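Undergrad: Using only what follows, build the 3D model:
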Amino acid sequence: MLAACSTTPTSADRLPIVFVHGNGDSAALWQTTIWRFESNGWPRDRLFASDQPFPLARDDDAVAQPGRSSAAESMAFLKAEVDRVLKTTGASQVILIGNSRGGNAIRNYIQNGGGDRVVSRVVLGGNPAHGIWAVKGLHEGSEFSGLSPFMRQLNQPKNAAGDEVTPGVKWLTVRSDHNDKYAQPDGVWIGAKGMPTNIGFDGPALKGASNVVIPRLDHRETSFSPAAFEAAWRFLTGSPPRTLQPVAEAQATLSGRVTGLGLDPHDPASGDFADNLPLAGAQLAIFAVDATTGMRQGTSAWTQTIAADGRWGPFIARPDTAYEFVLSAPGYATTHIYRSPFPRSSSVVQLCPQRIAEADRAAKALVIFTRPRGYFDAQRDTMRFDGQTTLPGVPPQGAGVSSAKLKLTSDEARTVPAEFNGERVVGRTWPLARGEVSVLELSY
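TA: Numbering: from 1, shown residues only. Now for the predicted structure:
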């Protein structure tokens, strides 16, 4: 009787969800969102996120650009992923959830790639649905221009009511009230302060969709925050989630990919942009560390040479333990990534080593504090980095950057703490002269 009354959904009760990342991003950004879905009963084997190769958009969508992808290539990648998920699960339909540029690929796939036949519902967070700018003569060929042929055809009315979304699919958009740097009437975040973009705060909204506004969210938080998850869950299920925070598991099985930078991840001269390509031959070591000092607790808990597919793991982690991930590869700095504990298993722990910029080489030690799933906002958030409340590289007003870089004048090994709205992560410094850098990465 108790089993019959259980409300825990089975795989057959939930459609597969395919998560689509944004410009220059990776599947890793969906980690906390996936945890929240799992913690509310969505089956783990129905949640999928992957890395698009060369995730940065072209400057002009119609002109080939090394290391950049076109809108058509993004759509083809998404179509292949959906086909793979349908085959893997045996489902006849999927749900698509996309952030930022990922929403462009979703809309294009549904409108022009046959996705309307297999997609049930769509959630778009921070999607530049009408462009980031719409200025005559300003990069009109970019898929981020509201005047581009790509954007114009996406937004053509689909019916007599003037709906901009493809019919037959249910749509939700999530946007900020005024804090999304890519939905601004002024061009400050595209390097043109004082220039009207001709895009309003409501740029991500679409006629014909359910459009939700959540105050004060930044661009990434429109997809990766607890509030964005709650909006998506209500839209997909018709009821509120049981919890907004991941529920801890007894142990966490971690895996993911190690990726590089540039047109060729093994060639430092080919650039330092994200490529989402496997960094074969890289060395990975994982150490348990003291969460208050960053000091290693014994020898390495895991070591691995990365194979051709870039995959690493699976590594069994303790959810109450902080870890240091050490990546080394020719042409990269030895990168020490410090993470707060992992409460749940994850297969999208994507790792990428750093390269040292010329402007940073005069420092004795380099520590990078990063918030991948959101931006730092000095006017909204409580932040501290190595005792400083004003984070280096973070503008005094507005949510615009996701990392702060601390250049130290001493290479003496010591603890560096960082805090963001109550979440704390601690790391250690390493000598830049030896080609080593530290990254303190927030989970939430």
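Undergrad: And for the nearest residue to Leu442 once chain neighbours are set aside, the neighbour number?
TA: Distances taken as CB to CB, 6 or more residues apart in numbering place Arg371 nearest to Leu442, at 4.8 Å, with adjacent residues excluded. Yep, even glycine has a C-beta here, placed from its N, CA and C like the rest. Using other CB atoms under 10 Å, the number of residues around Arg371 comes to 26.
Undergrad: swap in Arg44?
TA: 14.
Undergrad: residue contacts, it?
TA: For Arg44, the contacting residues are Glu38, Ser345, by CB atoms under 8 Å, 6 or more residues apart in numbering.
Undergrad: Ok, Lys207 next?
TA: Ala161, Gly162, Asp163, Glu164, Val165.
Undergrad: try Met75
TA: Applying CB under 8 Å, 6+ apart, the residues contacting Met75 are Ala105, Asn108, Tyr109, Asn112, Gly113.
Undergrad: Please identify which of the residues you listed is nearest to Asn276.
TA: Checking these against Asn276 by CB to CB gives Ala105 as the nearest, at 14.0 Å.
Undergrad: My read is that the residue nearest to Leu442 contacts Ser402, right?
TA: Yes. Counting by CB atoms under 8 Å, Ser402 is a contact partner of Arg371 at 5.1 Å.
Undergrad: follow-up on the earlier one: now for the contacts of Met75: which two are most distant?
TA: Farthest-apart pair in those is Ala105 and Asn112; separation 10.8 Å (CB to CB).
Undergrad: out of those two, which sits in the more crowded spot?
TA: Ala105 (30 against 15).
Undergrad: circling back to that earlier point, any of the contacts of Lys207 buried? List them.
TA: Buried residues within those, counting neighbours by 16 or more other CB atoms under 10 Å: Glu164, Val165.
Undergrad: Is it possible to get JSON lines of the contacts of Lys207 that adds pLDDT and secondary structure?
TA: What follows is the contacts of Lys207, written out as JSON lines (pLDDT from 0 to 100; DSSP: H, G, I helix; E, B strand; the rest coil):
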{"residue": "Ala161", "pLDDT": "96", "secondary structure": "coil"}
{"residue": "Gly162", "pLDDT": "97", "secondary structure": "coil"}
{"residue": "Asp163", "pLDDT": "98", "secondary structure": "coil"}
{"residue": "Glu164", "pLDDT": "98", "secondary structure": "coil"}
{"residue": "Val165", "pLDDT": "98", "secondary structure": "coil"}
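Undergrad: Go through the contacts of Lys207 and name the one nearest Ala227.
TA: Val165 (22.5 Å).
Undergrad: Can you list which of the contacts of Met75 are found in strands?
TA: Counting by DSSP state E, the contacts of Met75 place none of their members in strands.
Undergrad: ok, which stretches of the stretch 51-200 of the chain are strands?
TA: Per DSSP state E, counting those that start in this stretch, the stretch 51-200 of the chain carries strands over the ranges 94-99, 119-125, 170-176, 186-187, 192-196.
Undergrad: could you dump these to CSV with mean pLDDT and mean neighbour count?
TA: Formatted as CSV, the strands of the stretch 51-200 of the chain follow (pLDDT from 0 to 100; neighbours: other CB atoms under 10 Å):
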stretch, mean pLDDT, mean neighbour count
strand 94-99, 98, 26
strand 119-125, 98, 26
strand 170-176, 98, 23
strand 186-187, 97, 16
strand 192-196, 96, 12
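Undergrad: And those strands: which comes nearest Val258?
TA: Taking the strands of the stretch 51-200 of the chain one by one with CB to CB, strand 94-99 is closest: 22.4 Å.
Undergrad: mind checking which of the strands of the stretch 51-200 of the chain is nearest Ala80?
TA: Distance to Ala80, taken as CB to CB, is lowest for strand 94-99 among the strands of the stretch 51-200 of the chain, at 12.9 Å.
Undergrad: What pairs with that closest one, parallel or antiparallel?
TA: Paired neighbours of strand 94-99 in the sheet (DSSP bridges): strand 17-20 (parallel), strand 119-125 (parallel).
Undergrad: export those strands to a markdown table and tack on distance to Val212?
TA: Supplementary listing: those in a markdown table, determined by distance: least, CB to CB, whole Å:
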| stretch | distance to Val212 |
| --- | --- |
| strand 17-20 | 18 |
| strand 119-125 | 10 |
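Undergrad: And those strands: which comes nearest Phe144?
TA: Once those are compared by CB to CB, strand 119-125 is nearest, at 14.8 Å.
Undergrad: Now do the closest one against strand 170-176, angle only.
TA: Counting by axes from the mean of the first three to the mean of the last three CA atoms, to 10 degrees, strand 119-125 points 10 degrees away from the direction of strand 170-176.
Undergrad: show me the contacts for the residue lying closest to Ile356 once chain neighbours are set aside.
TA: Excluding the flanking residues, the one nearest Ile356 by CB to CB, 6+ apart is Ala333, at 5.1 Å. Residues near Ala333 by CB under 8 Å, 6+ apart: Pro353, Gln354, Arg355, Ile356, Gly435, Glu436, Val437.
Undergrad: Next: Glu164.
TA: Each residue near Glu164 by CB under 8 Å, 6+ apart is listed here: Ala129, Leu154, Asn155, Gln156, Pro157, Lys158, Leu206, Lys207, Gly208, Ala209.
Undergrad: Need the pLDDT of Gln397.
TA: pLDDT, Gln397: 83.
Undergrad: What distance do you get for it to Asp377?
TA: According to CB to CB, to the nearest Å, Gln397 and Asp377 sit 8 Å apart.
Undergrad: more crowded one of those two?
TA: Asp377 (20 against 9).
Undergrad: Among the strands of the stretch 51-200 of the chain, which comes closest to Lys136?
TA: That would be strand 192-196 among these, by CB to CB, at 11.4 Å.
Undergrad: Describe which strands that closest one pairs with in its sheet and in which direction.
TA: In the sheet, strand 192-196 lines up against strand 186-187 (antiparallel) (DSSP bridges).
Undergrad: Okay then, goodbye and thanks.
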